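In: need a structure here:
(2 chains)
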Amino acid sequence: MCAACAKRRRAGLSELLATMLTLTLTIVAGSAVFYYVGARSVESTSLYGDSVNDVISFLQEKASIVDMNYTSSSVTVWIYNRGRLDLEIAQVLIYNYSRSMYYLYNASHVVDLNNPSTYVLLDNNPNLEKPRFSGFKLSPERAATITLTIPDNWTTFANGRTYYISITAKHGNVFTYYQRW
Amino acid sequence: MSKKRGVSGIVASVILFTMLFTIGTGYLIAINRINNLYVKTYVENSEQTQDLLRENLELLAMVVNDKITLLTTNKGELPLAIIAIIVRNEDGGVLGYYNVSSTSITPRLPIFLNPLDTESITTDIEPSSLQKYEMKLLTNRGNIYSTTYPPVRNELAARALSSGALGDIYLEFNSYSYYRVSSNTLYYQGQAFTIPVSFITNYYSAFSLTITNLNSEQKNIILDGYTRIFQFWGVGSSMRRVTWYIVSNQSNTILNNYTPIELEYDKPKVLVFASRAPNTFQPVRLSGDEVPPQGTLAGVLILSHGWVGVDYSQIGGTTANYGQSSPYVTTLYTG
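Out: Below you'll find the model as predicted:
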């Protein structure tokens, strides 16, 4: 083999290697960028989708409070689901005009909001909330009642007074109603 | 050799472009699909809200064959369905709750009404002449319509009050009465539209009237000790006046100290006016210039003062936020 031929072969090898390296680098770098951007794209789409889904759920969650019926220690509330989703209740506030009575019912507690250290655990007193919000689900175009009982030794309802109720549903809508006993 | 370099560059570019195009297109398609879903829901929600507002049901409660009957007319632009009815008494007790499974209502629910359709709905409730009833109807869109049987006082009064002339207090005209007062005891004499002058000078006197709080926001009203009845008449070019301040009472007995009186919404309350001074009972017997001459027609005002929308337990630390002067009746002083 002549010297010139050997030199030309070495030159061809290095060029091939260089091309292979360049392609490899391009593919590796491109793949890395592809997967990174793809992952971010999926994440972004997912976050946006979740966010829009929350808004859609908020828009589709609707209810009408039809009536309230009192005894001195309890109130029964008629609620009608006029939305397109099952209605789930997160919490209920009961209060009078001056908020000297201000009670919160949620899935686990009844709390006197004027004195938050005063609360009752519903697991120990399940009859205070019927049905329990943790298991309450009202289908669209259905009406149901919930009965909330005031814990012993708390201020009770007085005949002739007006009381307000605010129901906060799972997706953030608040439905408020008032009625005089 | 230069051709080979060009090919590899093109191949690399195509690969890169494909990658970016794949990601970008996928992203755009996903976002577009989410946006379309949002727009669709938003439009549906708006339409639902508009439908709710376009629904209008007119109600009239009456008694037919001894049963409470509701005459319903769809005055809206859309068909509607009545899916539930609640009947309550005046005390808030639920007398009847009718839904699609109730058989004691005619016709059975749901009741579908096209625009301008009328339907007479008969319940199984026989009204007592002494009771008032409230009926609520629920439609499938979630609107609630209510009416009462018979039309209650505040509905009638609301029309009279619509000019604002009488404010929050509804005065029962015929309840205006006068009393003789002896040792803190009230003795009823009759309606106070005509009173002998001799009575007002010989005896301690008091007045009473029945008022009802019809505050448009259904807030309570609490009257302080400055609430009074005020009688006035002219003598020549001068004006004379006499005042009876509000007092607390237990039945026919006047208490020595006044305790603010709460007027709950739509609950009639008899108020007694018997004192010469606010907050404490000082009996009133007229003498001297205070005595209206025979034939005097005295104008009577009720000046009410106190708190509105304040809880009774809070009035001690709250400045009074209510005051009203109500033109009321007249008293003729005869010989």
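In: Show me where chain A dips below the pLDDT cut-off.
Out: Within chain A, the segments meeting pLDDT under 70 span A:1-12.
In: Now the residue nearest to A:Thr162 when sequence neighbours are not counted. Its backbone dihedrals?
Out: Of all residues not flanking A:Thr162 in the chain, A:Arg180 sits nearest, at 4.3 Å (C-beta to C-beta, 6 or more residues apart in numbering or on different chains). Just so you know, the C-beta spots here come from the backbone N, C-alpha and C atoms, and that holds for glycine as well. With angles defined as degrees, to the nearest 10, A:Arg180 sits at phi -80, psi 140.
In: pretty sure A:Arg180 is touching A:Ala158, no?
Out: No - taking contacts as C-beta atoms under 8 Å, A:Arg180 lies outside contact range of A:Ala158: 10.5 Å.
In: Report the distance from stretch B:176-194 to the chain centre.
Out: For stretch B:176-194, the separation from the chain centroid amounts to 32 Å (computed by C-alpha atoms, centre = their mean, to the nearest Å).
In: what's in contact with it?
Out: Residues from elsewhere that reach stretch B:176-194 (C-beta atoms under 8 Å, 6 or more residues apart in numbering or on different chains): B:174, B:195, B:199, B:203-209, B:249, B:252-256, B:272, B:274, B:281, B:283-284, B:300, B:328-332, B:334.
In: what about 7 Å?
Out: B:195, B:203-209, B:252-254, B:272, B:274, B:283, B:329, B:331-332, B:334 (C-beta atoms under 7 Å, 6 or more residues apart in numbering or on different chains).
In: Also stretch B:279-289?
Out: B:181, B:200-201, B:203-205, B:225, B:240, B:242, B:244, B:247, B:254-258, B:274-276.
In: domain assignment for the chain?
Out: In the absence of a named chain, this looks at chain A. A:1-60, A:62-180 (automatic domain parsing).
In: Please refer instead to chain B.
Out: B:57-151, B:165-334.
In: hang on, the earlier thing: so which of the contacts of stretch B:176-194 sit within strands?
Out: Members of the contacts of stretch B:176-194 lying in strands (criterion: DSSP state E): B:195, B:204-209, B:253-254, B:272, B:274, B:329, B:331-332, B:334.
In: PyMOL command for the buried members of the residues you listed?
Out: Command for PyMOL, covering only those of the ones in strands among the contacts of stretch B:176-194 found buried under the criterion 16 or more other C-beta atoms under 10 Å in any protein chain shown:
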select buried, chain B and resi 195+204+205+206+207+208+209+254+272+274+329+331
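In: The residue nearest the centre of chain B - nearest residue in space that isn't next to it in sequence?
Out: Residue closest to the mean C-alpha point of chain B, counted by C-alpha atoms, centre = their mean, is B:Gln218 at 4.1 Å. Nearest residue to B:Gln218, sequence neighbours excluded (C-beta to C-beta, 6+ apart): B:Tyr265, at 4.3 Å.
In: Next, that neighbour: phi, psi?
Out: phi -60, psi 130.
In: And it, how close does it get to A:Met68?
Out: 15 Å (C-beta to C-beta, to the nearest Å).
In: Please apply the same query to B:Leu214.
Out: 21 Å.
In: repeat for B:Ser183
Out: Distance from B:Ser183 to A:Met68, by C-beta to C-beta: 47 Å.
In: Tell me which of these two has more neighbours.
Out: In this view B:Ser183 and A:Met68 are compared by other C-beta atoms under 10 Å in any protein chain shown, and A:Met68 has more residues nearby, 22 against 8.
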